[in-house]
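Student: Below are the sequence and a predicted model; questions follow.
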Amino acid sequence: MNLRFLLREIAHSRGQAAVFVLCVALSLVSIVAVNSFRRDVRGVIAGDARSLHGGDIIIHSHSEFNPQLSAELADLGREKGVVAVDTREFYSVARKADGAASLFSNIKAVDNPYPLYGRVELRSGREFADVLRPGKAIVATALLERLGLAVGDPLLLGGATLEIVDVVSRESLRPVDFFNFGPRIFVSTADLAAMDLVGKGSRVSYETLLKLADQTRQEAIVARLTAKAVAGQEQVTTSAKASSRIKRFFDNLLFFLSLISIFTLLLAGIGMQSSLAALLRRKMKTFAIIRALGATGWFLLRHYLLLVLLLSALGCGLGILAGLLLKQSFAGLLVGLLPENIVLGASLRDVVEGMGLGLIVVSFFTFLPLSGIEHVKPAAIFRKDARPGLRRKSTRVLLVCGLLLLFGLVIRQLDDVRIGLYFMAGIFTLVGLIALLIGGLLKLLARCTIQTLSLRQAMRSLLRPGNASRAIVVTLASALAVLFAIYLLEENLRVTYIESYPADAPNLFCLDIQKDQQQGFLQLVGGQVELFPVVRARLHSINDRAINRETELQKRGDSLAREFSLTYRDTLLPDEVVTAGAGLFGSNDRPGGLPPVSLLDTVVEMGNFKIGDIVEFNIQGVPLRAEVTSIRSRTKSMLYPYFYFVFPEKYLQAAPQTFFAALKVAKGDLAQLENRIVNKYPNISPINVGETAAELGKLMEKLSVLVTFFASLAILAGGLILVSSILATRMARMEEAVHYKILGADTWFVLRVFFLENLLLALLSGGAAVLVAELGSWGLCHFLLDIRYDPIWSACLFLVASTAALVVVLGLLSSIPIIRKKPGRFLREQV
Amino acid sequence: MKTLFVLLFIIGFSFAGCKGDRQQEKPKSGEKGRIQTIVAVGDSLTAGLGLAEEEAYPALLEKKLQADGYPYRVVNAGVSAETSSGTLSRLEWILTLKPDIVILETGANDGLRGIDPQVAENNIREILKILKDRDVVVLLAGMKMVRNLGPPYVARFNALYLRLAEESGAVFMPFFLDGVAMQGELNQADGVHPNGAGYRKISENLYPYVLQAIKRTQGR
């Protein structure tokens, strides 16, 4: 082993070596960071699920547990490592001590050590468990505001008089219960007897929450309890299985982060491959000379293997260092999202696992360039472009092994064999598509007749035989396509999940507004509030085929056999689009024709409806036949009302209906407005969703920052590919520049040719990338994530323009030393 | 949201004639010569939330009436989550069905949302008046509010049905969920809405009162 040779080789190719090291580091940092973060987030989600549902295992019933189940729970409670807490939740009327005012409220009676998970934060900052004692009550702010009470005042609940001792400022369990008819009151279970509200004839949610020291016991305990529970009445579930919209969101987010991490890894791999290939291409003549001097192929290979190993080790070191630094930034990034006691960032396991994965990727992506070294012939001194091929059987076998290894890695990272296979198939399709597209475009370009000399030369150098431009464009376009796709996916996820909670989202829902109360209600709330009419009906038949209620009711999700809320209006809501049909009601709303009805895409999927189908409703005893004239789709903004069936006003105007209103009210005015509404119209139920919406909104914003952060790692990897691609063609460019100069061209001409060549390259790559990214992102959004897709063409145009600017600037910057090269000196060096 | 009506105690039949009503003679075939209409007006307990419409009490009642030779159709005009205010505002729509008899079961959602019982009382009183003016025989189904709303509220709520029945002279079933409320095996998992067996029990309980109402139509 000749160490001096090795050191000289590294010193001589500093640029490519640096890019290679950076790529290794980036692949390692991103995967360590993403995996570590994924573990953290999974922990957080598990923690959040526990916080949201209150325990590891939840036993729920609307009546007292049967004696066997109660006995089993009592036995469990005595076991080591199991903590149990009972809760009783119900609605009741809370009254002021003087009886002057009362308020329908949600009572939750709990025992110490409630809450087992999550927190109930109090305005005083004290610990919940220290404050809630028998005889005391902790209430929501809304209760104080609406009853005109203060901390320290007495509150009547049933037969008990309790002292209000504190105010709930945040409750981690609450977001799951979106609709609540009244403000929360926490009481001690010891006071239930004095209240005399819970007993036979009461409507109460009975819940027992279990916290397990050993999580592996979960399934066994659930099985034990389920065996004792009355099927259909007593439910035993775990917080992980208890479904919620939030969990679905996290599932999507985690999948997305995994995709980004794999993309980043692959991009960094491509960067490694192209920077190493650039380095080796530059050395090809040197290798041939060394071979001519008597060195064996193995001599070269083992020195370069060691060189790659040294650089990889350096990259790994850097990667681990950066990973540790990232760990620190996570804490800042995740403030408020993660529980304070969680240990963040890269553990030893993350680092070891990341190093292993990183090395697999290094081996895979450096294998092809390295495999060519051994076979460099001395004759290569006189030949150009002696490129390593895939002709040898052993190379092909090794390549297949490498691919299989990569498959395994992807599947492991995505945690799903099926999706892992889809992903790999997707990547190959992506590269294949781009290669085809670029091949076609390059052929088209070759046929063009161009008058301008500089542009012609730019084109020729792009198309010259033996040039790697096709490979570079395909690599660059694939990387860009992935980056664009990440951007498009991120934007679409953001729009779907974050903008569903905009700052002006409604915070007060009002139900059951009667027809003759519309004007009065509008005056009372004093604003341009839209009232949504709600007409209850059942779907009777589709194209005269009666709805099979038995089959429908067996469906797991929504069913066509249930009662639906119909509405009427003549326009689309702001978040709706017509996806089929000419306008909402087309031309079907004509005299003598059937009434037209517009369907939401969600219900279309349930019943395989088509435009022109005849549907018959039973509106509280009165039949109504209608023809489907359009299908609508909507962005799933959870806080806005939506309706499956929309009719023109005239057909439902006379039908029995109530109205629903969604209002945005200043926080300070909420309680007063609720009081005013209820005082004037006691039948209207105002539901305050402001706190829940704000809480969810904050959570989503934080997650958006995280996604952007991880996407930026992938973008950095893309940048490195660009630099390494330019470095890879450095030698060829230098030769061209020298030849132009010999033929009499000035520096500006050479610059112009390089500029145009880079521009062509960027536009080709960018254009192909945008097309493929749009296609891929649409597919992912539509088929996998099930969210609405917006192509955001303007942003794509911007991305192509910035790519072009970046490629041109980087290309020109790296061309400066090439242009400065004196032709005579260069030729002397080459001969 | 779910409509929740729960009954607390089994109240004995307050109408001495009930037993006798059960033994009411069968109608003569083809009596009156036309199919008459009973409209079941109410909330989710009438609509049959969570079940097929055929399993809810109106369909069962119709089947039983027709089997016994009564030429009646029973229209299910139940609306889940409806309060008495909603029932009042859709009364005109119900009247387009030209009912001979209305079975009125409403008010539970008012109670379960803590709405002042006076609101339900005023609404039901108005409904009864309109139906009486239109010469419709009414069977008023009474409700009992859940105990957790507290004795003052429960007492006010529970008293309103009997008072209204006496005022209006409507046929009165004191408790719609008699023998069904709080019976796990007769209710769905939510503990509030009856299952198929629960509705069979309800239609059995209701039947004598329906016959009483039919008798009144015959006496018009």
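Tutor: In hand now; what should we look at? Numbering: from 1, shown residues only, chains lettered A, B, ... in the order given.
Student: Surely A:Gly201 forms part of a helix?
Tutor: No - secondary structure of A:Gly201 (DSSP: H, G, I helix; E, B strand; the rest coil): coil, not part of a helix.
Student: what about it, neighbour count?
Tutor: A:Gly201: 17 surrounding residues under other C-beta atoms under 10 Å in any protein chain shown. Where you see a C-beta, it was placed from the backbone N, CA and C, and this is true even at glycine.
Student: With A:Ala100 instead?
Tutor: Quick note: A:Ala100 (other C-beta under 10 Å) scores 9 neighbours.
Student: lowest average confidence, helix or strand, in chain B?
Tutor: Of all helical and strand segments in chain B, the minimum by mean pLDDT, DSSP states H and E falls on helix B:18-22, at a mean of 37.
Student: Quick check: next helix or strand after that one?
Tutor: Later in the chain than helix B:18-22, the nearest helix or strand by DSSP states H and E is strand B:36-42.
Student: what's next to that next one, contact-wise?
Tutor: Contacts to strand B:36-42, defined as C-beta atoms under 8 Å, 6 or more residues apart in numbering or on different chains, come from residues A:621, B:46, B:57-58, B:61-62, B:65, B:71-79, B:82, B:87, B:94, B:97-106, B:141, B:210, B:213, B:217.
Student: what does stretch A:566-581 give?
Tutor: By C-beta under 8 Å, 6+ apart, the list of residues contacting stretch A:566-581 reads A:532-537, A:584-585, A:598, A:601, A:611, A:617, A:619, A:628-635, A:637, A:640, A:642-649, A:651-653, A:655.
Student: again, 6 Å this time
Tutor: A:532-533, A:535, A:537, A:611, A:629-635, A:637, A:643, A:645-647, A:649, A:652 (C-beta atoms under 6 Å, 6 or more residues apart in numbering or on different chains).
Student: tell me how far the ends of that stretch are from each other?
Tutor: The straight-line separation of the ends of stretch A:566-581 (C-alpha to C-alpha, to the nearest Å) is 19 Å.
Student: and that stretch, average pLDDT?
Tutor: What stretch A:566-581 shows for mean pLDDT is 84.
Student: Which of the residues in it are classified as buried?
Tutor: If you call a residue buried by 16 or more other C-beta atoms under 10 Å in any protein chain shown, then stretch A:566-581 has these buried ones: A:566-569, A:572-573, A:575-576, A:578, A:580-581.
Student: Can you say which of the contacts of stretch A:566-581 are buried?
Tutor: Listed as buried from those are A:532-533, A:535, A:537, A:611, A:629-635, A:637, A:643, A:645-647, A:652; burial here means 16+ other C-beta under 10 Å.
Student: Contact residues of chain B facing chain A?
Tutor: B:6, B:8, B:52, B:75, B:77, B:79-80, B:83, B:85-86, B:89-90, B:93, B:97, B:113-116, B:119, B:146-150, B:153, B:184, B:189-191 (C-beta under 6 Å from any C-beta of the partner chain).
Student: In ChimeraX, how would I select the buried members of the contacts of strand B:36-42?
Tutor: Filtering the contacts of strand B:36-42 down to the buried ones (16+ other C-beta under 10 Å) takes a single ChimeraX command:
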select /A:621 /B:46,57,58,61,62,65,72,74,75,76,77,78,79,82,87,94,97,99,100,101,102,103,104,105,106,141,210,213,217
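Student: Inside strands: which ones of the contacts of strand B:36-42?
Tutor: B:72-78, B:101-105, B:141 (DSSP state E).
Student: Which members of these are the farthest-apart pair?
Tutor: B:Arg73 and B:Ala141 (19.2 Å; C-beta to C-beta).
Student: re the thing from before, which single one of the buried residues of stretch A:566-581 is nearest to A:Ile262?
Tutor: A:Asp575 (32.5 Å).
Student: quick one: the closest one from chain B, how far?
Tutor: From A:Asp575 across to chain B, the span is 23 Å (C-beta to the nearest C-beta, to the nearest Å).
Student: Sort out for me which of the buried residues of stretch A:566-581 are in strands.
Tutor: A:566-568, A:576, A:578, A:580.
Student: Among these, which one sits closest to chain B?
Tutor: A:Leu566 (11.8 Å; C-beta to the nearest C-beta).
Student: Looking at strand pairing, list the partners for the closest one.
Tutor: A:Val535, A:Phe645 (DSSP bridges).
Student: Please report the distance of it from A:Ala580.
Tutor: Separation of A:Leu566 from A:Ala580 (C-beta to C-beta, to the nearest Å): 19 Å.
Student: in the stretch 1-150 of chain A, which spans are helices?
Tutor: For the stretch 1-150 of chain A, applying DSSP state H, counting those that start in this stretch gives helices covering A:3-12, A:14-53, A:67-78, A:128-131, A:141-147.
Student: Relative to A:Leu462, tell me which of those helices wins on proximity.
Tutor: Comparing the helices of the stretch 1-150 of chain A by C-beta to C-beta, helix A:14-53 comes nearest, at 22.1 Å.
Student: quick one: pLDDT of residue 50?
Tutor: Unless you meant another one, I'm taking chain A. 69.
Student: oops, chain B please
Tutor: Reported pLDDT for B:Gly50: 79.
Student: Of the contacts of stretch A:566-581, which belong to helices?
Tutor: A:649, A:652 (DSSP state H).
Student: Point me to the residue of the stretch 151-300 of chain A nearest chain B.
Tutor: For the stretch 151-300 of chain A, C-beta to the nearest C-beta, closest residue to chain B: A:Gly201, 3.5 Å.
Student: Please verify my assumption that that residue contacts B:Met145.
Tutor: No - taking C-beta atoms under 6 Å as the definition, A:Gly201 is not a contact partner of B:Met145, at 9.0 Å.
Student: Find residues that contact each of those two.
Tutor: By C-beta under 6 Å, 6+ apart, no residue touches both A:Gly201 and B:Met145.
Student: Quick check: end-to-end length of stretch B:42-51?
Tutor: Stretch B:42-51: ends 16 Å apart by C-alpha to C-alpha.
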